[in-house]
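Enquirer: What shape does this take:
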Amino acid sequence: MTVDGVEVSDKFEAFVHAPFKDDCAGDRNDTSLALQVQLHTDDGTTGRLLFLGDLAYPTIKKIFDYSESHDRTDRIEWDVLLSPHHCSKKRPCTPRARTAKMSSSRTSSTSLRRMPTRTLG
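Expert: Modelled structure (predicted):
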């Protein structure tokens, strides 16, 4: 992939999580785009951004369950999370309510991940 004539395929990667095929005719929020973007530096540092669009809890849970059951937990890790506004008082944002804590440390493999913050050079 090139941007302005510069090859960047070794620096940028995007993985689309949603919408799921079965959700495309559903509620507008369930058709929101959710993706993980990875940015790689020359020194090997990787920054991960997880964008969950305007998705509601059931779809976020589906993303995490699917990723975990297919051994793709690396696709749901992040350094920066843009959470949907649906993560509110009524429903926690994490798919596993019993571990619903957003902290600066890593969480278990059965909850949403927040990786330590890194500065990309």
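Enquirer: Beta-bridge partners for the spatially closest residue to residue 82 that is not a sequence neighbour, please?
Expert: Nearest residue to residue 82, sequence neighbours excluded (C-beta to C-beta, 6 or more residues apart in numbering): residue 51, at 4.8 Å. For every residue, glycine as well, the C-beta is placed using N, CA and C. On the basis of DSSP bridges, residue 51 is bridged to residue 35, residue 82.
Enquirer: State the number of residues packed around residue 51.
Expert: Applying other C-beta atoms under 10 Å, we find 19 residues neighbouring residue 51.
Enquirer: Spit out the contact partners of it.
Expert: By C-beta atoms under 8 Å, 6 or more residues apart in numbering, the contact set of residue 51 is 33, 34, 35, 36, 37, 82.
Enquirer: what about it, distance to residue 70?
Expert: Using C-beta to C-beta, to the nearest Å, one obtains 20 Å as the distance from residue 51 to residue 70.
Enquirer: Am I right that residue 2 is in contact with residue 8?
Expert: Yes - with contact defined as C-beta atoms under 8 Å, residue 2 and residue 8 form a contacting pair (6.6 Å).
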